[in-house]
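> Test case, fold it:
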Amino acid sequence: MPKDGAAKTWVGGVMTALKLKQHWDDYQQLSQEEGRIALDDTLAHVSAPNMGQLDTDIPAARPKRKRPAGCCSCCGTRCGLFWKAFGIVAGLLTLWNIGRLIIWILTPAPTGLENMPAYSTSLGCMAPAANILYNSTSKLTYTLPLTLDHEHTLDIRGAAVGTILLAPSAHPTDLTYEISIRTDDAAVFDFVEIGSADNGGTFTLKSPIIPLMHPEHRHACMRYDMTVFLPQSLRDLEIKTSAPAHVKFADVPEVASLDSLKVALRSMAAAAGDNLLLPNTQIQAKEYALEVFSGWLVGDVPIVEKTTLRSDRGDGVVNARVHPVAVPADEDEDDDDDDFPKMPAAKLSTYTGHGRTDITYLHGPVHRPIHSTHKSQSNGDMYLTYKNSGFNGQIDLKAKTYTMRNVQGGMGKDNSDRWVGDKDGEDRLVVKSNLGWVGLYF
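Numbers count the residues shown, from 1 in each chain. Below you'll find the predicted structure:
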């Protein structure tokens, strides 16, 4: 909406235009100008006494047309003209705001994913521009036996960008990598190292830091595309990348169940592409931790025991649908209520930074106690939707600004006594954002 100064300028401009129009209309309607004098063509029809002489005297002043009296005037300004100008401007402003309202109604609400890049293609360095293959083959295959503790780490270092697809495998013990590496400058392959440690516990892909190479190679690109097949006996998996990477969980019917899963995409170099971490519920872990420094963490996240999502070290965007997984009930011999065994709590923690956070908590097959903590270390907005979670319990919310729906209480001295459903319920929710805004919806 225009500011007050602009509105006053509009009113003044419209008044000036109306005044000019009024003067023009007065000029057009003026009927006092003298014209030709019509005389009879003969004097025979007019008697001598009725004859007069032609009046050739010039009037001292031209008669003025009488204007209709205005309603009022103030300081030399006609009030009627002012209110007419004011009405025109008010009408224009009303139409302007109605138009903006219609546009706002028809425009979909922003989701925070408007600038999310496309998987794989947004990284660039693809054929035919980059058609030189490592070892002259489109697929390198590495099969690794698991260690005695059934742990494995994938460590990707250097400046190469790439994709990682995680897929459950039917094989009981062997972990398999299928990798393609390409570039547009064969010289960069001289600095590539790929392989596993002696015990097979770590698989490493090292690529050169291209901006630090000889000037003639600094415009080269390099990328990898790998699929990791996870065996059934794998217990712990950790993935670390230092350059922009796109990590995706395969959309397959099989479910991989781990004790621990940790994925950290540490790149902050948006110029070379953005991180993408796209999880789903087909890979589950008791200790489940996903992190992006910059980029996007978007998808479906399970909770077996404890799930942690992080973007607090940068401006990463988090948009996750949370699914508590059905687990066996706690077997407590001291529990007198054997007919209704106690379900273990589903623990969710998010730590976010400058980027936007959207968390939608969904109801599982069986309701498990909700123990959630959401903290923002910076000014990123947090949208927390627990509408379909079946939440019953207390809420501890502290934020610079916030919006809440269907939350009870909050009338105490420090507004901390809030709850949803049963105040004495077993669910707990803690939300803290000292610098940003929080939307909490039930």
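> name the element residue 87 belongs to?
Residue 87 belongs to helix 79-106 when assigned by DSSP states H and E.
> For that helix, name the packing helices and strands.
Counting contacts by 3 or more Cβ pairs under 8 Å, 6 or more residues apart in numbering; DSSP states H and E, helix 79-106 packs against helix 4-29. Any C-beta I mention is one placed from the backbone N, CA and C, and that applies to glycine too.
> picking up where we left off before, show the average pLDDT along the helix holding residue 87.
The predicted model gives helix 79-106 an average pLDDT of 77.
> what distance separates it from the centre of its chain?
32 Å (Cα atoms, centre = their mean, to the nearest Å).
> Give me the residues contacting the helix or strand following it.
Downstream of helix 79-106, the next assigned helix or strand under DSSP H and E is strand 132-133. Residues outside strand 132-133 that contact it (Cβ atoms under 8 Å, 6 or more residues apart in numbering): 180, 181, 182, 183, 184, 185, 186, 189.
> again, only this time at 7 Å
181, 182, 183, 184, 186 (Cβ atoms under 7 Å, 6 or more residues apart in numbering).
> again, but for stretch 348-361
Identification of contacts with stretch 348-361 by Cβ under 7 Å, 6+ apart yields 112, 303, 307-322, 372-386, 389.
> First-to-last residue distance for it?
One end of stretch 348-361 to the other measures 10 Å (Cα to Cα, to the nearest Å).
> Could you give the average pLDDT over that stretch?
For stretch 348-361, mean pLDDT rounds to 96.
> same check, this time on stretch 130-148
For stretch 130-148, the mean pLDDT works out to 93.
> Any idea how far that stretch is from the middle of the chain?
37 Å.
> how long is it from one end to the other?
40 Å.
> which of the residues in it are buried?
130, 132, 133, 134, 140, 142, 144, 146 (16 or more other Cβ atoms under 10 Å).
> Run through the stretch 101-250 of the chain and note the low-pLDDT ranges.
Under the criterion pLDDT under 70, the flagged ranges of the stretch 101-250 of the chain are 104, 198.
> now with 90?
Within the stretch 101-250 of the chain, the ranges that satisfy pLDDT under 90 run 101-112, 114-115, 127, 147, 170-172, 196-200, 210-219.
> What ranges does it have for its helices?
Counting by DSSP state H, counting those that start in this stretch, the stretch 101-250 of the chain has no helices at all.
> who are the neighbours in contact with the most centrally placed residue in the chain?
What sits nearest the mean C-alpha location of the chain, by Cα atoms, centre = their mean, is residue 112, with 1.0 Å. Contacts for residue 112 were tallied using Cβ under 7 Å, 6+ apart; they are 317, 319, 356, 358.
> okay, now the third one: neighbour count?
If I follow you right, that is residue 356. Using other Cβ atoms under 10 Å, residue 356 is surrounded by 20 other residues.
> Please state the backbone phi and psi of it?
Here is the backbone geometry of residue 356 (degrees, to the nearest 10): phi -70, psi 150.
> I'd like the distance between it and residue 246.
Look at residue 356 and residue 246: by Cβ to Cβ, to the nearest Å, they are 20 Å apart.
> same deal with the last one?
Residue 358 sits 20 Å away from residue 246, taking Cβ to Cβ as the criterion.
> cool, residue 95 as well?
Distance from residue 95 to residue 246, by Cβ to Cβ: 47 Å.
> Who has more neighbours out of the two?
Legend: neighbour count by other Cβ under 10 Å for residue 95 and residue 246, higher for residue 246 (27 against 10).
> Wasn't residue 378 part of a strand?
No: counting by DSSP: H, G, I helix; E, B strand; the rest coil, residue 378 is not part of a strand but coil.
> Count the neighbours of it for me.
So residue 378, with other Cβ under 10 Å, has 16 neighbours.
> what residues are up against it?
353, 354, 435, 436.
> List only buried entries from the residues you listed.
Using 16+ other Cβ under 10 Å as the burial test, those include 353, 354, 436 as buried.
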